[in-house]
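Trainee: sequence first, predicted coordinates after that:
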2 protein chains.
Amino acid sequence: MFRRSLVLARRASLSRCASLRPVASVISTRFYAASKTVPFTAETYKDKVQRDPRYKNLEEKDVSFFRSVLENDNYVVTGTEDLDFFNEDWMRKYKGQSKLVLKPKTTEQVSEILKYCNEQKLAVVPQGGNTGLVGGSNPVFDEIIISLANMSKVRSFDDVSGILKCDAGLILENADNFLAENGYIFPLDLGAKGSCHVGGVVATNAGGLRLLRYGSLHGSVLGLEAVLPDGTIYNSMDALRKDNTGYDLKQLFIGSEGTLGIITGVSILCPSRPTATNVAFLAVSSYEAVQKVFVGARKELSEILSAFEFMDSKSQLLTARYLKADHPIESGEYPFYVLIETSGSNRDHDMEKLETFLGNAMEDGLVDDGIIAQDETQLRNLWTWRESIPEASAHAGGVYKYDVSIPLANLYALVDDASERLAAADLVDFNDESKPVVEAIGYGHLGDGNLHLNVCVREYRKDIEQQLEPFVYEWIKENKGSISAEHGLGFQKKNYIGYSKNDIEIKMIKDVKNHYDPNGILNPYKYI
Amino acid sequence: MFRRSLVLARRASLSRCASLRPVASVISTRFYAASKTVPFTAETYKDKVQRDPRYKNLEEKDVSFFRSVLENDNYVVTGTEDLDFFNEDWMRKYKGQSKLVLKPKTTEQVSEILKYCNEQKLAVVPQGGNTGLVGGSNPVFDEIIISLANMSKVRSFDDVSGILKCDAGLILENADNFLAENGYIFPLDLGAKGSCHVGGVVATNAGGLRLLRYGSLHGSVLGLEAVLPDGTIYNSMDALRKDNTGYDLKQLFIGSEGTLGIITGVSILCPSRPTATNVAFLAVSSYEAVQKVFVGARKELSEILSAFEFMDSKSQLLTARYLKADHPIESGEYPFYVLIETSGSNRDHDMEKLETFLGNAMEDGLVDDGIIAQDETQLRNLWTWRESIPEASAHAGGVYKYDVSIPLANLYALVDDASERLAAADLVDFNDESKPVVEAIGYGHLGDGNLHLNVCVREYRKDIEQQLEPFVYEWIKENKGSISAEHGLGFQKKNYIGYSKNDIEIKMIKDVKNHYDPNGILNPYKYI
């Protein structure tokens, strides 16, 4: 009976679901509102950060040197309007004042540029697709931007081992499309795939949607090519799947956010592309039940489970308003929703496992309602309800994003506590436009212990920020979580690392930075 | 028809297969031949290595200090016979001359010991289960041995996230048995599991049998506790699955073979334990066909493929002689054999996938004969034919082991070339006991590009060694492989790192070593 009710729900809901407008690539599209100019980071945070006088100011002779290295005027950007694209982040929260963007074509050019900058004490910011969420790839003051956009080639692919070697500036979606043609898949996926670079993904140790299945980049990246501040080219691109000769130095660059060197090449192990993908969208009435559904999914779906995403009801209300569409689950409003994806090599087997699992979960009273996508369009539409949340969050004006890891048992309590705090300060109303905060919502990759707390606002205001910080970070520390699960430290979280790392770790991290970049020219004012 | 022939072969062979004597734990059993004493490493290699005079000789007052730290005389080993167990490696190839073994119970004791050794310039060797294959965990001269055997507790286990936290000295098999009770599995398995320690496995970045499925330890280890030479305790044990705050320092310790610090605690992410395991054993007539079977298995078995091991016919002849048993595939002798394991959550689904895959492979002429285990006993017996090879290799007297990674296309050519070279020097005969070499055999984890070239000898002799080294290393370098896929560098390969790493990498590795261990007290004469 329960199984049937699930199937009925599926049938009833999915005709609607299929009519949702498809949102192809949610985060990757920049939307510049002409009415709004982004304030300079140096102005907004003038009480927190000053330009470091040890860095030289850019001179005309420096620009001439770079022109001689790059041999092509198109690779040297100096016009103010053209520079805006590189100076600003996509959230329009940070803006640097760089006067120069360099777009090298080769690793040797990157080496020559860095060597010169190091000798001249010119500070630089490496930049990939500029899709970061913590201001890590934009200058704070006048740092020179080194964009990898012109280094975007696939170098080689071995279709027996699945090893892809590519330039750092290859766009993630292009890499994955190339792999799809060969029956393989990039072991990482995220909303910004249409813009972000493979090198940027590695430099920030991005997590994204496939981590639950394929693990972290620390496991799948086999080798790197990276240029150190003094121009030295570190190259471990020939590394095979197994290589136990010496310290695994490439690991230091994964997640270093451009503070140790500039990644110019990536070698990565890619899995076979699953031929069958199924998606179910479930309504769940408590956070405790969400956890139980997760434990069951890990056990019963085991090797085919490829995503376990959860969303609270507030995130879905906001998304419905943004998408101007009815929710795929029509039978009412539920406190939590879960999206489960399976990927495997046999559709019938996978569907049987999924239906058995969901039938059991409904029978056990863990799931109140649910639907299973019947075709690729429905599957994309269900993902849209998950992937549109970031854009829906920012739609009213802006969003304070906290991307955190918390032991699962307490994960959602942070959203409740933050909401209460904002309500107590009388800052929130979902409908009343006179209140600065629309809503604090929670969603994320539950399978990885990763919560996105988004505080959706009509405007960025100091009094909101004061309610949230350091409150959120203190809460995380108390609960032994991480203040940055996957977005990194960048500029936003530079001063908060102490909430996630102990003094010895911080000292060791600083030692590494000083060892590799004694002049501090790489991505200053950030990270540590 | 082909499917049927496979099934018939299965039926015919497995009654025998089930009668093989089970070999529970192949590498973990020490077999001390009373007739043979192991020569001192310092003697055997006296032209290559001298004791470094900067290290102090152990004095009675040092021993008194250590006794005061450990507070229990059982934790301080000084008797000559007792010391042998720690001074010798299990292959009986290396023997140190340490006069002291310390067996601390707590991380703080390790810290006090190291701090003192660092101040006094007393060299030390960290030791786990002493199952290494490159002499990495035995002293070369009189280094003090610090054994982790007394630190063997499970610290905690979270059965929602699958995160296990344990002491470094926990024996791998005990860890896996504990996890099995909770429905989870340790993401690594190897022949020495009955003796090797979790900490040793991490310190050497062991690969083993499950790497194809669960990836490397660089991906699954979440946090470490390690004591640096100056006594500092590095602790990242609270790290969750995702944490992007600062450089991932723990990665440096994974595979550092005790040269940067002593690992005392490990936090590791464990997958759900598969409930269904199947094993097929196949006869294949060429190395080209072996590769094609692998590509097919990756595509068709995809998410359930958990091992793809290959063996040449010579390895099987040797194993048959050692096990005194008939080979499970009775229809004749074939150039290559492949063991395929699947692990999943539904036995019927997995068996259907495996049978379809094997039927297709036979129809395509890639597989000549094959059997599928019908129960747990048969499954273990088939694994025995793979797991007994290391012991069978050493049975005639000794074995020169080369554990290498090579791009798949050329992987087996190394065995052919080494065999030819030994034959040309008239050193080999499978039966004639007057020749020093029995056979050069090849087998390994094909799924990871990992070949084990074993040169099985009746005695260790300089003229054999001269034929093999640097020949093997030069061959690997020419073919862009790694001279150590999973066994590490240790003492054996210290001087050969240049065949796998370039000068810049080696310089960077040395810099890291000097940075963390400026007095060089940790595991000297090895690694780099």
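Mentor: Cool, got the structure.

Trainee: up against chain B, what does the stretch 101-250 of chain A have?
Mentor: Counting by C-beta under 8 Å from any C-beta of the partner chain, the residues of the stretch 101-250 of chain A lying close to chain B are A:158-162, A:183, A:204-205, A:207, A:211, A:215-216, A:218-220, A:232-236, A:238-249. Yep, even glycine has a C-beta here, placed from its N, CA and C like the rest.

Trainee: are any of these buried, and which?
Mentor: The neighbour count (16 or more other C-beta atoms under 10 Å in any protein chain shown) marks A:158, A:161-162, A:204-205, A:207, A:211, A:215-216, A:218-220, A:232-236, A:238-249 as buried among these.

Trainee: so which of those residues belong to helices?
Mentor: In this view, these that belong to helices under DSSP state H are A:211, A:218-220.

Trainee: nearest to B:V227, of the residues you listed?
Mentor: A:H218 (22.7 Å; C-beta to C-beta).

Trainee: about what we covered before: got the ones in helices among the buried ones among the residues of the stretch 101-250 of chain A next to chain B as CSV, with pLDDT columns?
Mentor: Listed next are those as CSV, based on pLDDT from 0 to 100:
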residue, pLDDT
A:L211, 89
A:H218, 97
A:G219, 96
A:S220, 96
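
Trainee: for chain A, which residue gets nearest to chain B?
Mentor: A:G219 (2.1 Å; C-beta to the nearest C-beta).

Trainee: tell me the contacts of that residue?
Mentor: B:215-216, B:218-220 (C-beta atoms under 8 Å, 6 or more residues apart in numbering or on different chains).

Trainee: can you put those in TSV and add distance to B:R51?
Mentor: Shown next, in TSV, are those (distance: C-beta to C-beta, whole Å):
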residue	distance to B:R51
B:G215	40
B:S216	35
B:H218	34
B:G219	39
B:S220	39
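
Trainee: ok, those residues vs chain A, which is closest?
Mentor: B:G219 (2.1 Å).

Trainee: find the nearest non-adjacent residue to the closest one, please.
Mentor: Leaving aside its chain neighbours, B:G219 sits nearest to A:G219 (2.1 Å; criterion: C-beta to C-beta, 6 or more residues apart in numbering or on different chains).

Trainee: go on, A:G136?
Mentor: A:G490 (3.0 Å).

Trainee: pretty sure that neighbour is touching A:V140, no?
Mentor: No: taking contacts as C-beta atoms under 8 Å, A:G490 lies outside contact range of A:V140: 10.2 Å.

Trainee: mutual contacts of those two, please.
Mentor: A:K526.

Trainee: who's in contact with A:G200?
Mentor: A:127-129, A:131-132, A:137, A:148, A:168, A:206.

Trainee: which SS state does it fall under?
Mentor: For A:G200, the assignment made with DSSP: H, G, I helix; E, B strand; the rest coil gives helix.

Trainee: and the angle for the host helix or strand of A:D348 with helix B:347-363?
Mentor: Assessed by DSSP states H and E, A:D348 sits inside helix A:347-363. Angle between the axes of helix A:347-363 and helix B:347-363 is 170 degrees (criterion: axes from the mean of the first three to the mean of the last three C-alpha atoms, to 10 degrees).

Trainee: so which elements touch helix A:347-363?
Mentor: helix A:2-17, strand A:276-284, helix A:287-300, strand A:336-344, strand A:369-372, helix B:347-363 (3 or more C-beta pairs under 8 Å, 6 or more residues apart in numbering or on different chains; DSSP states H and E).

Trainee: in TSV: these, plus mean neighbour count, mean pLDDT and distance to A:G444.
Mentor: Below are these laid out as TSV (neighbours: other C-beta atoms under 10 Å in any protein chain shown; pLDDT from 0 to 100; distance: least, C-beta to C-beta, whole Å):
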stretch	mean neighbour count	mean pLDDT	distance to A:G444
helix A:2-17	17	36	22
strand A:276-284	23	96	15
helix A:287-300	20	93	11
strand A:336-344	25	97	11
strand A:369-372	24	94	20
helix B:347-363	19	95	30
